[in-house]
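Visitor: have a look at this prediction, sequence included:
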Amino acid sequence: MSLSGDFDIRGQLYHFSLTESVSFDGEHYTGDEIEEHLSESDQIFYSLETEDGDTFYRWLSGPWEGFDDVEQAIQDETDAYEES
């Protein structure tokens, strides 16, 4: 599994990368460890870059059943990155 992804919403391109996860018992994971502990992660930290060159650093609360859930949650947050 890749710990990053790209998506397009209303013509705006986004690229995200997972940077850290925190498990329900407070353990911190980075790199490939995130993948191994995704199902027990309470929080996921990520960076998101827009095609305009803006970078956002955000986090989401879990739990997640898999990476698809995390990716969908990040996409659901895109209104926070869009200009009014």
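Guide: Good, I have the coordinates. Numbering: from 1, shown residues only.
Visitor: buried stuff in the lengthiest helix in the chain?
Guide: If you go by DSSP state H, the chain has its longest helix at helix 67-76. The neighbour-count check on helix 67-76 (16 or more other CB atoms under 10 Å) flags 67, 69-71, 74 as buried. Using the backbone N, CA and C atoms, a C-beta is placed for each residue, glycine as well.
Visitor: just stretch 26-41 next, same as before
Guide: For stretch 26-41, the neighbour count (16+ other CB under 10 Å) marks 29, 34, 38, 40-41 as buried.
Visitor: the spatially most central residue of the chain is in what secondary structure piece?
Guide: With distances taken as CA atoms, centre = their mean, the residue of the chain nearest its centroid is residue 46 (4.5 Å). Using DSSP states H and E, residue 46 maps to strand 41-50.
Visitor: against which helices or strands is the biggest strand by length in the chain packed?
Guide: Ranked by number of residues, the top strand in the chain under DSSP state E is strand 12-23. Applying 3 or more CB pairs under 8 Å, 6 or more residues apart in numbering; DSSP states H and E, we find strand 12-23 packed against strand 4-9, strand 28-29, helix 32-36, strand 41-50, helix 67-76.
Visitor: out of the ones you listed, nearest to residue 59?
Guide: strand 41-50 (4.6 Å; CB to CB).
Visitor: which elements pack onto the very next helix or strand once past the closest one?
Guide: With elements assigned by DSSP H and E, the helix or strand that comes after strand 41-50 is strand 55-61. Here strand 55-61 touches strand 41-50, helix 67-76, going by 3+ CB pairs under 8 Å, 6+ apart.
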